[in-house]
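> Quick one, fold the following:
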Amino acid sequence: PQTPDDMDWSKYYPERIKQIYDKRAQVQFADIGCGYGGLLITLSPMFPNNLILGMEIRVKLKKLFFLYPDPHFKKAKHKWRIINQNLLAEYAYVLDEGGIVYTVTDVKDLHDWMVQHFVEHPLFERLTEEDLVRF
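Presented below is the predicted three-dimensional model:
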């Protein structure tokens, strides 16, 4: 929809039409990347009066951009970096085969961190200088 007000929620929540069109009713839980919705199925009986929405990315993305991510300078905060071994598997899942990841940062230590993690991960390979000219 062009705006949230244009969204027709009734086809997703037919038993809650009155609640949906009550302007006070809002989706309370959103699970982005929900897979088959296991978490939402578990939560729905626990929160029967809440509107819950799950969205899954099924289309493979051609390019991923990580532009100036938070460097989390302190070593204890490195686990919060957006590039890490656990998340790389997720990124590989949504990236189309042959897709490209772009990273931009003005922090050399973070650049080195990101390169190291991508290079060490079996589902990614670094492009050569010759490859970069094509893109």
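> Flag every buried residue along the top strand by length along the chain.
The strand of greatest length in the chain, counted in residues with DSSP state E as the criterion, is given as strand 95-104. Buried residues in strand 95-104, counting neighbours by 16 or more other Cβ atoms under 10 Å, are found at Leu95, Val101, Thr103. (C-beta placed from N, C-alpha, C; glycine too.)
> Any chance of CSV for those residues, columns pLDDT and distance to Asp31?
Converted to CSV, these look like this (pLDDT from 0 to 100; distance: Cβ to Cβ, whole Å):
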residue, pLDDT, distance to Asp31
Leu95, 90, 21
Val101, 94, 25
Thr103, 94, 27
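> Please pull out the lowest mean pLDDT helix or strand from the protein.
Lowest mean confidence among the helices and strands of the chain (mean pLDDT, DSSP states H and E): helix 17-20, at a mean of 64.
> for the longest helix anywhere in the chain, which positions count as buried?
Using DSSP state H, we find that the single longest helix of the chain is helix 108-120. Under the neighbour-count criterion of 16+ other Cβ under 10 Å, helix 108-120 has Leu110, Trp113, Met114, His117, Phe118 buried.
> CA atoms only for it - export them in CSV, please.
Coordinates of each C-alpha in helix 108-120 appear next as CSV, following Å, rounded to 0.1, in the frame of the first residue of the first chain:
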residue,chain,number,x,y,z
LYS,A,108,39.7,1.0,9.4
ASP,A,109,39.5,-1.5,12.3
LEU,A,110,35.8,-2.2,11.4
HIS,A,111,36.7,-2.5,7.7
ASP,A,112,39.3,-5.1,8.6
TRP,A,113,36.8,-6.9,10.9
MET,A,114,34.2,-7.1,8.1
VAL,A,115,36.6,-8.3,5.5
GLN,A,116,38.0,-11.0,7.8
HIS,A,117,34.6,-12.3,8.7
PHE,A,118,33.4,-12.4,5.0
VAL,A,119,36.6,-14.0,3.8
GLU,A,120,36.5,-16.7,6.6
